[in-house]
Each structure stands twice: as structure tokens, then as C-alpha cells.
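Peer 1: Need coordinates for the following:
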Amino acid sequence: MRAEAQNTVDAIRKSLALLGRRMDLETADFRLEEFNARVEDPGLWDDPEAAQKLMRERQMLVDSIALYKGIAQELEDNVELIELGEMEEDADVVAEAEAALKALEVRAAEKELEALLDGEADANDTFLEINAGAGGTEACDWAAMLQRMFVRWAEKRGYKVELQSEEAGSEAGIKSVAYKISGHNAYGWLKSESGVHRLVRISPFGKGTRETSFASVWVYPVVDDNIEIEVNPADIRLDTYRSSGAGGQHVNTTDSAVRITHLPTGIVVTSSEKSQHQNRDIAMKALKSRLYQMELDKRNEAINEAHASKGSAGWGNQIRSYVLQPYQMVKDLRTNYETSDTSGVLDGDLDAFMAATLAQDVAGKSRSEAQAED
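Peer 2: Next comes the predicted model:
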């Protein structure tokens, strides 16, 4: 086997080893037998919520086992094809198998990263908020660009995107927007995007000058129905108002929009998409999710420090810079990962940035755990 192909095989085996550790491969079949036995219990559905949770956990284990075995089998099949092709001196068979291995390496690496999404709420759906920061009309336009970028990213992953509220800018773009994004690991992937995003470009609004704009992004998980978050009615202020969003099929312009302020924390959530009753339910769910996020932050020092350093949407607080003039560069200031493909990033190609942050977080966690053991 050629050295390049052997390197590919080694990389796939490394990814498989991590997948195996994450799913505790040695006990996976035994745990599946236990799940199957519990599923056959006639009294399982006496508690529907517990039954649904059990079925979700069982399915996740089934999917993990199938994923691991599928990659392992595909690896073995293509290694055998290469060996057979080399024995018979069939260059076409060898080339085809090597190409299949390269594709498998990419898929295995993606699944390896997904296996690292093992935080308490990583698998949850997520809320995403974008707010224009310093920069006036330029910042509102930048917020709209980020809005498009994240929606495109979510759609490429097959996630469901639901607009919760939107406030238009006075001249262009948006002042703020909130979405609910639904799909497996939506929060786990998007959580690294919380922070201030900075844009440098030539102004498109007739000034012809180079402008710097800021917008803040806030990501927090949708609270599972089986997680209880108590909100004292005396701690909230509820206001109704007329939405100033885009209207049409996206945001209505009636007085049904709802704003809830949580007085002890200062958290403000809004919804302006449906009826007033529905908006109140949506806003309360968003509030509970924000409160849940605060609890998660308290338990996770790394995430807590990241949000604490986010600060206001302006100079000194940015996590990522998007430079369109005088050169093309997007750079994450936490990981130093960068690319000159600015159009691709603004079109939703964010996976590499998210993966770099995730890998850095996991490496930091591993170092902390090792130090604790020492």
C-alpha cells in the first residue's frame, strides 16, 4: 500500500478509536440489550415522558453502533480492494479504493468531531439572537449579513429554522433578529458562535470609506420539556407592542408582539411571529432557555469565561473578524483559524471555524482533567 493511502487508513483508524471511546464500545452491545429489555416492558408507556426519553437514548445508541460498524466495515472493504488490486496489478481498482478511503476519512473526521459534542445540552435545539452593535446603519446591514450567513449554514445542515422576532434597521438591515433552530446537535455546533463579530469593508452606502461594524451573536439551548425551570410571575414584566419587522410572510405588524423582561437578571426576550397567546408561550420558553443557559454557564467555567469576555458589541470584545477590504480574510481570534474564502464563509461555510473551536475546547478540557488527576 502506498504511503499516502496508509496515512489515510491510519487517520480513519484514529477517528474510529475516538468514536469507540466516546460511545464506550466495549459495553455498547450489553447496554443495547438492556434498552431492548426495558422497551419490552408492558408498563413502559405508563410514564410517556420517561418512555420517550428512553426511546431517544436507545436510538442514539443504535445509531452510534451502526455508525461505528459502518465506517469500520467500509475501511476493511477498501483496504482489501487495494491489496487485491495491487496483487493483480489493477491500477483502476487501487485508485477507486483509495478515492473511497479519502472520502471515508472526511466522513470519519466529521463524525469524530460530532462525538465530541457530549455537553449536557449539546444535542438540543437552539435559540440564536443577532443584535447590531456599534456602527449605525453599517452595523444593521452587517447584522443582516450575519442573519443570512447563519440561516444558510443551518439550511445546509438540514436544520429547521423558525423566525421568532425581527426588528428592522431605520435605513437598512436589521437591529435585531431571533431564531429557533431545530436539529440534532444544533446547540452543540452553534454555541461557539456566541460573541461579537467584526466586519471591515468599504461602505456600500455611498461614503466610499472603509468602515468597521460590529454585531453580537447570542446562542442558548432550547430547554428540554423534561427540565423544570421555575419562573416567578412577580419577577417578570410583560409588554405588548407593534412589531417593526419586515412583515409579510416573515413577521407580522400587529400589536400581538410580546416582550418579556426578567427583572432579577435583566434578560429580555421577544416574539412577534404569531398570535399574542402563542408569542407569550414562545417568549416564556426562550426566557426559560436563557435561564437554563445561565445555569449551564455556572457549571462550565470555560463557557462562562467566554460569555463574560463577550462584553458590548464593539472594539476589544470580538471573537472573529471578517475583513473584506483591503484584503480578504476571516479570522477567529480564539483559535487563530483563518481563511481567505470570505464569500464562502458569508454563504454559510462555518464548519471549519466551529470544528476548530470545538477541538480547542476539548483539548483544554483534557488538559484540565489531566491536571486535576495529577
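Peer 1: Let me see the residues that make contact with stretch 159-172.
Peer 2: Under the contact criterion Cβ atoms under 8 Å, 6 or more residues apart in numbering, stretch 159-172 has outside partners 127, 132, 137, 140-141, 143-144, 151, 154-155, 174-183, 186, 205, 243-246, 250-251, 257, 270-273, 282, 286. Quick note: C-beta positions are derived from backbone N, CA and C, even for glycine.
Peer 1: quick one: average confidence on that stretch?
Peer 2: If you average the pLDDT over stretch 159-172, you get 90.
Peer 1: And stretch 100-117, by the same measure?
Peer 2: Stretch 100-117 comes out at a mean pLDDT of 87.
Peer 1: what distance separates it from the centre of its chain?
Peer 2: 17 Å (Cα atoms, centre = their mean, to the nearest Å).
Peer 1: need the helices for the stretch 151-300 of the chain, in chain order.
Peer 2: 186-190, 276-299 (DSSP state H, counting those that start in this stretch).
Peer 1: and the last one, what does it pack onto?
Peer 2: Where contact means 3 or more Cβ pairs under 8 Å, 6 or more residues apart in numbering; DSSP states H and E, helix 276-299 is packed against strand 126-132, strand 210-221, strand 236-241, strand 257-262, strand 267-271, helix 301-308.
Peer 1: export the ones you listed to TSV and tack on distance to residue 116, mean pLDDT and mean neighbour count?
Peer 2: TSV is the format used below for the helices and strands packed on helix 276-299 (distance: least, Cβ to Cβ, whole Å; pLDDT from 0 to 100; neighbours: other Cβ atoms under 10 Å):
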stretch	distance to residue 116	mean pLDDT	mean neighbour count
strand 126-132	17	94	25
strand 210-221	17	91	22
strand 236-241	36	85	13
strand 257-262	32	88	20
strand 267-271	29	86	21
helix 301-308	14	45	14
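Peer 1: Include distance to residue 75 when you put these into CSV, please.
Peer 2: Below are the helices and strands packed on helix 276-299 laid out as CSV (distance: least, Cβ to Cβ, whole Å):
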stretch, distance to residue 75
strand 126-132, 33
strand 210-221, 34
strand 236-241, 54
strand 257-262, 51
strand 267-271, 47
helix 301-308, 34
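Peer 1: Of all the ones you listed, which one comes closest to residue 318?
Peer 2: Residue 318 sits nearest to strand 210-221 of all the helices and strands packed on helix 276-299, at 6.9 Å, using Cβ to Cβ.
Peer 1: Remind me what the closest one packs against, helices and strands.
Peer 2: So strand 210-221, by 3+ Cβ pairs under 8 Å, 6+ apart, packs with strand 126-132, helix 136-156, helix 186-190, strand 195-202, helix 276-299.
Peer 1: Residue 339: which of the helices and strands packed on helix 276-299 is closest?
Peer 2: Closest approach to residue 339 among the helices and strands packed on helix 276-299 (Cβ to Cβ): strand 210-221, 18.6 Å.
Peer 1: If I take that closest one and strand 126-132, what angle do their directions form?
Peer 2: 160 degrees (axes from the mean of the first three to the mean of the last three Cα atoms, to 10 degrees).
Peer 1: Need the CA coordinates for strand 210-221. PDB is fine.
Peer 2: Presented in PDB, the C-alpha positions along strand 210-221 are these (Å, rounded to 0.1, in the frame of the first residue of the first chain):
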ATOM      1  CA  ARG A 210     -13.500  51.900   4.900                       C
ATOM      2  CA  GLU A 211     -15.900  51.200   7.800                       C
ATOM      3  CA  THR A 212     -15.700  48.900  10.800                       C
ATOM      4  CA  SER A 213     -19.000  47.400  12.100                       C
ATOM      5  CA  PHE A 214     -20.000  45.100  15.000                       C
ATOM      6  CA  ALA A 215     -22.800  42.800  15.800                       C
ATOM      7  CA  SER A 216     -23.300  40.400  18.700                       C
ATOM      8  CA  VAL A 217     -24.500  36.800  18.500                       C
ATOM      9  CA  TRP A 218     -26.000  35.000  21.400                       C
ATOM     10  CA  VAL A 219     -26.700  31.300  21.300                       C
ATOM     11  CA  TYR A 220     -28.500  29.300  24.000                       C
ATOM     12  CA  PRO A 221     -30.200  25.900  24.100                       C
END
